[in-house]
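J.: A structural model of the following input is requested.
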Amino acid sequence: MRAAVLLPIKSFEVAKGRLAGALDLDQRAELARRMASGVIAACHDLPTWVICDDPEVASLAISCRANVLWRPARGLNVAVHEGVEFLAGEGYERVVVSHADLPLARDLTWVADAGPGVTIVPDRRDDGTNVMAVPTDAGFRFAYGVGSSALHRAEAERLGLEWRLIPDAELGWDVDVPEDLTALDGG
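T.: Residues are numbered from 1 along each chain as shown. Predicted coordinates:
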């Protein structure tokens, strides 16, 4: 089964706004760049596409040997949907969708091979969806945001797709609020 990775990445200059109390703008942008580079590296040999609307993000993706899918002003759910449709048109049967704010990510490849249907790797609070694999021909409707883990399970059920929830300590740690920064300092 041909699989690819899709990474939606927004501008580094606006990323991680909820960390403003702990990091200044330049620090937040640098953190976002560093995490995105690490997540791209965690894709290893899987074909990787960064979906973005920012020239700096596109440049980073290219420097990390990822492909760029330019989609301006789409919003996360629409961008991911369009990215999956594009990859289906390129002949991929399965897409791993990952957020780029996973500082502990070392390997995303296993998610592509976790089984048929939908694989969901939730955040460590089992609220959000950090990484997910979906078949490209399912017409899956993405629902990122608060409660997305449950919403994505419900969508898999609506489509009659087998699904599995696989918590993972590395892929489950995302950085949204200042307390999440402890993963970066070993705390």
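
J.: Please identify the buried residues of the biggest helix by length in the chain?
T.: The helix that spans the most residues within the chain, counting by DSSP state H, is helix 25-41. Buried residues in helix 25-41, counting neighbours by 16 or more other CB atoms under 10 Å, are found at 28-29, 31-33, 35-41. Quick note: C-beta positions are derived from backbone N, CA and C, even for glycine.

J.: Might you list the low-confidence residue ranges for the protein?
T.: In the predicted model of the chain, residues 183, 185-187 satisfy pLDDT under 70.

J.: So residue 11 versus residue 84, what's the distance?
T.: Separation of residue 11 from residue 84 (CB to CB, to the nearest Å): 22 Å.

J.: want to try CSV for the buried residues of helix 25-41, with distance to residue 96 as columns?
T.: Output for the buried residues of helix 25-41, formatted as CSV (distance: CB to CB, whole Å):
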residue, distance to residue 96
28, 26
29, 26
31, 23
32, 20
33, 21
35, 17
36, 15
37, 17
38, 15
39, 11
40, 12
41, 14
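
J.: So which of those is the closest to residue 80?
T.: Taking CB to CB as the measure, residue 80 lies nearest residue 39 of the buried residues of helix 25-41, at 14.8 Å.

J.: ok, that closest one to residue 91 distance?
T.: 24 Å.

J.: Would you mind measuring the gap between the ends of stretch 155-163?
T.: With CA to CA, to the nearest Å as the measure, stretch 155-163 spans 10 Å from end to end.

J.: Give the buried residues for that stretch.
T.: 155-156, 159, 163.

J.: Same question for stretch 135-149.
T.: For stretch 135-149, by 16+ other CB under 10 Å, it's 135-136, 138, 140, 142-144, 148-149.

J.: Excluding sequence neighbours, find me the nearest residue to residue 74.
T.: Sequence neighbours aside, residue 82 is the residue nearest to residue 74 in space, at 6.5 Å (criterion: CB to CB, 6 or more residues apart in numbering).

J.: residues contacting that neighbour?
T.: Neighbouring residues of residue 82 by CB atoms under 8 Å, 6 or more residues apart in numbering: 51, 71, 74.
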